[in-house]
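**Student:** What follows is a predicted structure for the sequence shown.
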Amino acid sequence: MIAFIDEHRDRFGVEAICRTLSATACGFITSRAYRAAKTRPTSARALRDAILIEEFRRIHAENYSVYGVRKMHHAMVRAGWQIGRDQVARLMRAAGLQGVRRGRKPVTTKPTGEPDTRPDLVERQFTADGPHQLWVADITYVRTISGFCYVAFITDVYSRRVVGWAVSGSLHTAGLPLLALEHALVSTGATRGRQGLIHHSDRGAQGGFNRSSQHPLGITGGMGDGKQGLGEEDQ
């Protein structure tokens, strides 16, 4: 209300604005109360808020103007400020600051739309008695300032070690999971095949493991129940 009177006082006058406000549902304030409020010393809270807002603007700008309430709260605490998350939200609104809202998550696996009759060599039993018996593969993404970075990786079920990976700035890169598989075969010395090795990955157009496009590494693939396996049965 004080800000409203400040904005229109030169046009209408303080007394006229106060009378109008008092006659409406907007609130009640006298010209004396207005002038008292204007001459009252700035409160300690208002002074602290002003300092914090400037600090918010600095930290927000230093972090590419992407920080929201949660990250801004963590940043202020790390900087030594004793401040609550609700206060951070209030002051960010007052300063007109907001974080970058995340859009839709990218889809890393798309159904091929074709039936697949290859057998499921794993049957949801993700266990192994030794290394290089069962590999599982997947695709994930990492959000960066310039966009998304896609990573295909293969993990050995027995050792829990990542044995192969491939990285691309686009999910449309041909055969990204196949590149990860090739890396796994090279890094483990299995370029000519491993007896009984099963490779299990999500079904999808990005997989590149369709029956018509097998990777020429000496191990062929089988798929069932939406999964793929590379094993002795298909060699």
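**Tutor:** Right, received. Where do you want to start?

**Student:** going forward, measure contacts between C-alpha atoms and count neighbours the same way
**Tutor:** Will do.

**Student:** Residue 131 reaches residue 156, doesn't it?
**Tutor:** Yes. Contact criterion CA atoms under 8 Å: residue 131 and residue 156 qualify, at 6.7 Å.

**Student:** who has more neighbours, those two?
**Tutor:** Taking neighbours as other CA atoms under 10 Å, residue 131 and residue 156 compare with residue 156 leading, 22 against 14.

**Student:** If that one is in a bridge, with which residues?
**Tutor:** Going by DSSP bridges, residue 156 is paired in beta bridges with residue 135.

**Student:** Quickly note the distance from it to residue 187.
**Tutor:** Noted for residue 156: a distance of 12 Å to residue 187, by CA to CA, to the nearest Å.

**Student:** do the same with residue 64
**Tutor:** 38 Å.

**Student:** Please export the C-alpha coordinates of the helix or strand in which residue 164 is found as PDB.
**Tutor:** Secondary structure from DSSP states H and E places residue 164 in strand 162-168. C-alpha atoms of strand 162-168 as PDB (Å, rounded to 0.1, in the frame of the first residue of the first chain):
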ATOM      1  CA  VAL A 162      31.900 -51.100 -16.500                       C
ATOM      2  CA  VAL A 163      33.700 -53.000 -19.300                       C
ATOM      3  CA  GLY A 164      32.600 -50.800 -22.200                       C
ATOM      4  CA  TRP A 165      31.100 -47.400 -23.000                       C
ATOM      5  CA  ALA A 166      30.500 -45.000 -25.800                       C
ATOM      6  CA  VAL A 167      29.600 -41.300 -25.600                       C
ATOM      7  CA  SER A 168      27.800 -39.100 -28.100                       C
END
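
**Student:** So, low pLDDT: which residues of this protein?
**Tutor:** Counting by pLDDT under 70, the chain contains low-confidence ranges at 1, 24-28, 101-119, 172-174, 191-194, 202-235.

**Student:** So which residue is dead centre in this protein?
**Tutor:** residue 143 (5.9 Å; CA atoms, centre = their mean).

**Student:** How about it: which residues does it bridge to?
**Tutor:** Beta-bridge pairing for residue 143 (DSSP bridges): residue 148.

**Student:** what packs against the lengthiest helix in the chain?
**Tutor:** What stands out as the longest helix in the chain, according to DSSP state H, is helix 44-62. Helix 44-62 sits against helix 69-78, helix 85-95, with contacts defined as 3 or more CA pairs under 8 Å, 6 or more residues apart in numbering; DSSP states H and E.
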